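[1] Fold the following for me, if possible:
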Amino acid sequence: MNNEIHGHDVLNMMIASGKTFTRDTLQKEIEQKFGANARFYTCSAANMSAAELISFLESRGKFQTINGQFTTDPTKICSHESPNE
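    Presented below is the predicted three-dimensional model:
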């Protein structure tokens with residue numbers, strides 16, 4: 001999994017930005033930061049594209065909707081360390 005980025009890194013990027021996102025703006029931000037061909041993994045899924053990761057995180061309740069856009073907060077990130085940390 002050395003070539004994959006943990007979903008925690010994306011959630012932390014969202015928190016650090018202080019922004020709210022749509023699916024499109026989040027995907028663009030992920031691709032700018034991690035590269036258009038980056039692959040992502042989480043505690044229970046692997047080898048996801050940015051779009052697949054967004055859908056996965058959304059299905060797991062990791063986003064908070066604010067005025068039709070979404071963000072996340074530290075309480076939405078599970079408490080264990082990712083293997084690369």
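[2] Tell me who's in contact with residue 51.
    Taking Cβ atoms under 8 Å, 6 or more residues apart in numbering, we find residue 51 in contact with 23, 27. All C-beta spots, glycine's among them, are computed from the backbone N, C-alpha and C.
[3] how about a cut-off of 7 Å?
    residue 27 (Cβ atoms under 7 Å, 6 or more residues apart in numbering).
[4] Am I right that it falls within a helix?
    Yes - residue state for residue 51 (DSSP: H, G, I helix; E, B strand; the rest coil) corresponds to a helix.
[5] any idea of the mean pLDDT for stretch 28-45?
    Mean pLDDT, computed over stretch 28-45, is 95.
[6] just the strands in this structure please.
    Along the chain, counting by DSSP state E, strands occupy 4-6, 39-41, 64-66, 69-71.
[7] nearest residue to residue 78 other than its sequence neighbours?
    Distances taken as Cβ to Cβ, 6 or more residues apart in numbering place residue 43 nearest to residue 78, at 6.4 Å, with adjacent residues excluded.
[8] Over to residue 31?
    Closest to residue 31 by Cβ to Cβ, 6+ apart is residue 50, at 5.7 Å.
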